[in-house]
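Chemist: The sequence isn't on hand, but the structure is:
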Ligand SMILES: Cc1cc2nc3c(=O)[nH]c(=O)nc-3n(C[C@H](O)[C@H](O)[C@H](O)COP(=O)(O)OP(=O)(O)OC[C@H]3O[C@@H](n4cnc5c(N)ncnc54)[C@H](O)[C@@H]3O)c2cc1C
């Protein structure tokens, strides 16, 4: 049997796999390498709306669908408006990103696009064997973004960010396209961390999303009746048309994803712990982590080397612990975070770029009995990240 041989294989052409492939394409180090990117299905549909904050220009500005310089949070009966200053909050439609990346891959001779569904991988002493439904591949190293089947991280704190959003068009002017809504708790399910998220594209068009950060999912009808009621009772809209819908579940977990790396396999994306556990964001993380992987490869280190800063994993775990045990408490936590800290510091904290004194200031601003309790529990468990 003949195997197709590669230096590197990326499994999955999603947010993480494509960002890693694009980072490789941008670096001359990979010019004499043989790279494969294997995806099980060609994507013709927009399946996700990716948002992220970024200061200045970014790598994907050409495909940004809309960006905002102002935002707000409505919580605890108050509105907190923020000016993003050097930052912008940017939105990309996933289909635009898939097409953009596929075109770059097609233009590069040393990276091959392969359509196949991978069924197993086996790391051996010098390489990894990757078995697909159509073919078998051998690589020096594989970057694998597949989530294991029946994925349910045990012995860890697991919250789900789950949501349904409607892209709507209204007859009357309903939105301010200059200002997005990060969270609006004014019409929320008070027994959980639940809010409305709004991305306004024009005065007449927006994505309005009902979002939960909670241990359990809710029925589809729950999101729907919340959005409908919000549009009718808060925005006072009597007529609107839904032209697209988005649904999603993002794991927010303290699971030690690093345990799944092997000598010649690095797990990437959600399955590599690239989703920030306390926020569910991972698109911009993928860009940063892809770059770290590139630098590790160039200095002959294992790609997983120092991908994460431990102290932020501890903060995320504390946060998840509080949200898990006091799920109705999210509104107050986020209110305090946005009320008592400026947006630049919040973004750099979430980007894991703050100094320790800034971390303390943010943590103190959110502190309450629940946080202290979670912190003490964390100390007595020996600061284990599980
Ligand atoms: C609806 C939605 C909206 C989101 N919005 C945001 C946001 O605004 N901002 C943000 O930062 N994050 C967001 N996220 C979270 C996160 O950014 C995404 O989930 C992101 O797509 C995760 O990247 P990934 O590479 O791990 O997975 P994916 O992007 O899902 O990529 C995995 C790829 O692997 C392929 N694959 C799977 N199994 C196989 C196999 N056996 N063989 C070959 N290929 C395979 C899949 O087809 C897929 O293309 C969102 C998530 C969802 C679900």
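Modeler: Now that the structure is in, tell me what you want to look at. Bear in mind the structure is a predicted one, so any value in this text is a computation, not a measurement.

Chemist: List of residues touching stretch 251-262?
Modeler: By CB atoms under 8 Å, 6 or more residues apart in numbering, the surrounding residues in contact with stretch 251-262 are 123, 128, 148, 151, 153, 156-161, 213, 267, 270-273, 275, 277-280, 302, 304, 313, 316-317, 320, 385-386. Bear in mind the C-beta positions are built from the backbone N, C-alpha and C, glycine included.

Chemist: Excluding chain neighbours, what is closest to residue 172?
Modeler: residue 237 (7.2 Å; CB to CB, 6 or more residues apart in numbering).

Chemist: helix or strand for the one you found, which one?
Modeler: In the assignment (DSSP states H and E), residue 237 maps to no helix and no strand.

Chemist: residues in contact with it?
Modeler: Applying CB under 8 Å, 6+ apart, the residues near residue 237 are 170, 172, 174, 231.

Chemist: Narrow the contacts of stretch 251-262 to those in strands?
Modeler: The members of the contacts of stretch 251-262 that map onto strands under DSSP state E are 123, 128, 158, 159, 160, 161, 213, 267.

Chemist: Nearest to the ligand, out of those residues: which one, please.
Modeler: Distance to the ligand, by CB to the nearest ligand atom, is smallest for residue 161 among those, at 8.1 Å.

Chemist: Identify the residues contacting the closest one.
Modeler: Shown here is residue 161, whose contacts under the criterion CB under 8 Å, 6+ apart are 211, 212, 213, 248, 249, 250, 251, 252, 280.

Chemist: and the gap between it and residue 216?
Modeler: According to CB to CB, to the nearest Å, residue 161 and residue 216 sit 12 Å apart.

Chemist: quick revisit: what about burial for the contacts of residue 237, which qualify?
Modeler: Buried members of the contacts of residue 237, counted by 16 or more other CB atoms under 10 Å: 170, 174, 231.

Chemist: would a markdown table of those with distance to the ligand and secondary structure be doable?
Modeler: Shown next, in a markdown table, are the buried ones among the contacts of residue 237 (distance: CB to the nearest ligand atom, whole Å; DSSP: H, G, I helix; E, B strand; the rest coil):
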| residue | distance to the ligand | secondary structure |
| --- | --- | --- |
| 170 | 23 | strand |
| 174 | 22 | coil |
| 231 | 20 | helix |
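
Chemist: okay, those residues in CSV with distance to residue 325 next?
Modeler: Output for these, formatted as CSV (distance: CB to CB, whole Å):
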residue, distance to residue 325
170, 40
174, 38
231, 33
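
Chemist: Quick check: which element contains the spatially closest residue to residue 302 that is not a sequence neighbour?
Modeler: Here the nearest residue to residue 302 in space, its sequence neighbours aside, is residue 296; by CB to CB, 6+ apart that works out to 6.6 Å. According to DSSP H and E, residue 296 maps onto helix 283-298.

Chemist: What's the mean pLDDT across that helix?
Modeler: Mean per-residue pLDDT for helix 283-298: 97.

Chemist: just stretch 207-223 next, same as before
Modeler: On average, stretch 207-223 scores 97.

Chemist: for stretch 190-201, same thing?
Modeler: Averaging pLDDT along stretch 190-201 yields 97.

Chemist: One more: stretch 334-348?
Modeler: Mean predicted confidence for stretch 334-348 is 94.

Chemist: Just confirm yes or no for that stretch near the ligand.
Modeler: No: Stretch 334-348 stays clear of the ligand (CB under 6 Å from any ligand atom), getting no nearer than 12.7 Å.

Chemist: In that stretch, which residues are buried?
Modeler: By 16+ other CB under 10 Å, the buried positions in stretch 334-348 come out as 334, 335, 336, 337, 338, 341, 343, 344, 345, 346, 347, 348.

Chemist: Low-confidence stretches in this structure?
Modeler: Filtered on pLDDT under 70, the chain yields the residue ranges 1-2, 150-151, 371, 375, 378-386.

Chemist: Skipping adjacent residues, who's closest to the residue in it positioned nearest to the ligand in space?
Modeler: Closest approach between the chain and the ligand, counting by CB to the nearest ligand atom: residue 14, at 1.7 Å. Excluding its sequence neighbours, the residue lying closest to residue 14 (CB to CB, 6+ apart) is residue 145, at 5.9 Å.
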